[in-house]
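**Student:** Below is the sequence, then the predicted model.
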Amino acid sequence: MDIAKVKRILIVRTDRIGDVVLSTPVITAVRAAFPEAYIAVMVSPQTREIVSGNPYLNEVIAYDKISKHKEFLKTFLFANWLRGKRFDLALILHSTIRINIICCLAGIPRRIGYARGKMDFLLTHRLEYVKRLGEKHEIEYSLDVLRSLGVKAEPSPLVMPLKESVVKEADSLLFESGLKKDERFVVISPGASCVSRIWPSANFARLADILKECFGLSTVLVSGPEEVKIGEKVRESMSSKPVFLCGRTSLGVLAAVLKRASLLISNDSGPVHIACVVKTPVISIFSRKQKGLSPTRWGPYGERNAIIHKDVGCVKCLAHNCSKGFLCLYSITVEEVLEKARELL
């Protein structure tokens with residue numbers, strides 16, 4: 001492929017929050033390699049705020065497979081609309097059946113992605129799906145899609161621009177909740193996308209109380225709309241009173257809250273990577289013994305971060321069907337997390 005002829009590029013990443021955050025170095029690298037190109041990114045509506053305002057992009061396109069484009073006809077019409085954009089290269093960072101079909105129907109002549117057994121024949125250039133081995137960070141795997149063109153792409157800082165309006169909204173939320181302007185606080189994110197990733201609520205509550213007693217740190221609880229009940233369990237188990245922002249923040253406001261925080265303590269989930277963008281120290285609690293889900297691949301990216309991950313002898317992870325009562329999670333003690341917090345604070 002003559003990359004000198006590439007003029008219009010579509011970067012595709014339509015999965016979850018952390019995945020999109022960790023894809024932003026690819027956007028930076030594509031702009032460096034193609035300084036004059038028209039570059040767009042396609043994401044879900046839920047993650048659009050992560051890439052909106054990115055200085056290296058010309059356009060952000062939202063594909064809504066859950067609602068607006070759920071039906072096949074709507075997806076077909078979306079692909080036809082995308083055809084009008086006349087992209088000549090698609091970098092598909094997470095290939096799925098729908099995405100491969102859309103990029104093909106959109107008439108994009110070069111479609112590069114990992115062969116995951118998801119209508120792979122629709123890709124014009126297929127990379128072996130080695131992500132499951134978890135031998136390096138997800139950022140590197142994503143950059144490998146660009147590198148397959150012969151481009152020398154190096155990792156770069158994560159990017160998520162913060163608008164002044166969301167910073168003001170975050171400050172107002174914290175102030176209205178009783179936090180003083182210069183008061184130090186820790187953010188706790190107790191939810192996750194799967195029960196196999198969720199450290200016990202009672203542990204988060206006890207940890208928060210100790211941090212208040214020993215360090216004078218208030219606690220701000222955050223979560224997505226689907227995980228508010230988990231946050232409520234933590235709040236109910238706490239002796240001290242937290243600031244409860246579960247289900248109340250957009251991704252931008254969450255980033256602004258995290259930027260003001262002294263520390264984030266979280267399960268392996270999206271807020272970890274948002275905290276890394278704004279350079280807030282992170283303790284990330286990992287569970288499952290599965291190479292493709294390991295801290296090597298999904299750990300926080302940057303400095304002043306800590307990972308807690310225990311091997312309890314599982315041969316194969318059964319995820320939410322765990323037969324050991326999620327021992328990998330329950331064997332992580334409050335004291336171990338507290339010790340990491342002392343180091344980072």
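**Tutor:** Cool, the structure landed.
**Student:** what are the ranges of the helices in this structure?
**Tutor:** Counting by DSSP state H, the chain has helices at residues 17-21, 24-33, 48-51, 72-83, 97-105, 138-147, 164-176, 201-215, 228-237, 251-260, 270-277, 295-298, 327-330, 334-344.
**Student:** hey, which helix or strand in the protein has the poorest pLDDT?
**Tutor:** Lowest by mean pLDDT, DSSP states H and E among the helices and strands of the chain is helix 327-330, with a mean of 88.
**Student:** circling back to that earlier point, could you dump the helices of the chain into a markdown table with distance to L245 and mean neighbour count added?
**Tutor:** In this view, the C-beta of every residue, glycine as well, is placed from N, C-alpha and C. Output for the helices of the chain, formatted as a markdown table (distance: least, Cβ to Cβ, whole Å; neighbours: other Cβ atoms under 10 Å):
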| stretch | distance to L245 | mean neighbour count |
| --- | --- | --- |
| helix 17-21 | 16 | 24 |
| helix 24-33 | 24 | 21 |
| helix 48-51 | 16 | 24 |
| helix 72-83 | 34 | 15 |
| helix 97-105 | 33 | 20 |
| helix 138-147 | 27 | 22 |
| helix 164-176 | 6 | 15 |
| helix 201-215 | 14 | 20 |
| helix 228-237 | 8 | 18 |
| helix 251-260 | 7 | 24 |
| helix 270-277 | 11 | 28 |
| helix 295-298 | 24 | 18 |
| helix 327-330 | 24 | 19 |
| helix 334-344 | 20 | 16 |
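**Student:** hang on, the earlier thing: what lies in contact with the least confident helix or strand of the chain?
**Tutor:** With Cβ atoms under 8 Å, 6 or more residues apart in numbering as the test, helix 327-330 has contacts from 196-200, 285, 287-289, 309-312, 314.
**Student:** Repeat that for stretch 159-176.
**Tutor:** Outside stretch 159-176, the residues that touch it by Cβ under 8 Å, 6+ apart are 21, 24-25, 27-28, 50-56, 181, 220, 243, 245, 248-250, 252-253, 255-257, 259-260, 274, 277-278.
**Student:** likewise stretch 224-236?
**Tutor:** The contact list for stretch 224-236 (Cβ under 8 Å, 6+ apart) reads 188, 190-192, 198, 201, 204-205, 208, 221-223, 242, 244, 246-247, 270.
**Student:** let's see 6 Å
**Tutor:** Applying Cβ atoms under 6 Å, 6 or more residues apart in numbering, the set of residues contacting stretch 224-236 from outside is P190, G191, S201, F204, A205, L221, S223, P242, F244, C246, G247.
**Student:** and the two most separated of those residues?
**Tutor:** A205 and G247 (18.2 Å; Cβ to Cβ).
**Student:** For I108, give me phi and psi.
**Tutor:** phi -80, psi 120 (degrees, to the nearest 10).
**Student:** what about it, neighbour count?
**Tutor:** 25 (other Cβ atoms under 10 Å).
**Student:** likewise the one 5 residues further on?
**Tutor:** A count of nearby residues for G113, using other Cβ under 10 Å, gives 27.
**Student:** can you check L91 too?
**Tutor:** Counted with other Cβ under 10 Å, L91 comes out at 25.
**Student:** any idea how far it lies from P45?
**Tutor:** 20 Å (Cβ to Cβ, to the nearest Å).
**Student:** cool, L207 as well?
**Tutor:** From L207 across to P45, the span is 34 Å (Cβ to Cβ).
**Student:** What of S67?
**Tutor:** According to Cβ to Cβ, S67 stands 8 Å off from P45.
**Student:** And for A32?
**Tutor:** A32 sits 28 Å away from P45, taking Cβ to Cβ as the criterion.
**Student:** domain ranges for the protein?
**Tutor:** 3-147, 164-344 (automatic domain parsing).
**Student:** With distance to P155 as added columns, please give the ones you listed in a markdown table.
**Tutor:** Listed next are those as a markdown table, based on distance: least, Cβ to Cβ, whole Å:
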| stretch | distance to P155 |
| --- | --- |
| domain 3-147 | 5 |
| domain 164-344 | 8 |
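**Student:** Out of those domains, the one nearest S156 is which?
**Tutor:** Closest to S156 of those is domain 3-147 (Cβ to Cβ; 4.6 Å).
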